[in-house]
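> Sequence first, then the predicted structure:
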Amino acid sequence: MPIMSLAQIAEIVTMYMLAKLIRRYGYMRVFIIGVLAESVRFTCYSLDSGIFSVIFAQIVHGLAFVFVTIASVIYLDKFCDEKIRSGVMLLYGIFTIGMGNIIGNLFAGKTGDYFFNPSTQTINFSHLFLVLLSRKKEQMLKLLHKSTD
């Protein structure tokens, strides 16, 4: 079984439990859990690139996807008036899939160029994610300096 399908299995299991979790914790807490799961996923990618961390990150991706995307669509469907529901869903899709992908690809290209190491022909993702997670300016500058060496 390919590693990518682990995220899909995690999605199916999480979708099965989603209604219970929303009733118990509410939409906002479920959404926050999904955002935190994405942070854990990217932290895992930045700290280690071994097979076990990749497997763990794929499973966490399945959880995060359901908690963020599916829970927000259910929230919009439940709390929007019937007359504007289709427009709200369209707007949500435009922002998340359309404009989000365009803006994300523009920034990803510039960021990839910045962290590209010509001697190894690779992008140093660990420095990229650690820069995003670091809080102190000195640590961030140190990591940026290392990634350009």
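Looks like it arrived, so ask away.
> Only C-alpha atoms from now on, for both contacts and neighbour counts.
OK.
> confidence score at Arg23?
Note on Arg23: pLDDT of 93.
> who's in contact with Ser53?
By CA atoms under 8 Å, 6 or more residues apart in numbering, Ser53 lies in contact with Cys44, Tyr45.
> Would you mark the buried spots in the host helix or strand of it?
Per DSSP states H and E: Ser53 is located in helix 51-65. Buried residues in helix 51-65, counting neighbours by 16 or more other CA atoms under 10 Å, are found at 53-65.
> and it, how far out from the chain's middle?
Distance, stretch centre to chain centre, for helix 51-65: 11 Å (CA atoms, centre = their mean, to the nearest Å).
> What count of nearby residues applies to Thr120?
The local packing of Thr120 (other CA atoms under 10 Å) involves 8 other residues.
> Which pLDDT value belongs to Glu138?
pLDDT, Glu138: 62.
> what about the spatially most central residue of the chain, which SS state?
Computing the C-alpha centroid of the chain and ranking residues by CA atoms, centre = their mean puts Glu38 first, at 4.3 Å. Secondary structure for Glu38, judged by DSSP: H, G, I helix; E, B strand; the rest coil, is helix.
> List the residues that contact the spatially closest residue to it that is not a sequence neighbour.
Among residues not flanking Glu38 along the chain, Ala64 sits closest, at 5.8 Å (CA to CA, 6 or more residues apart in numbering). By CA under 8 Å, 6+ apart, the residues touching Ala64 are Ile33, Gly34, Val35, Leu36, Ala37, Glu38.
> No further questions, thank you.
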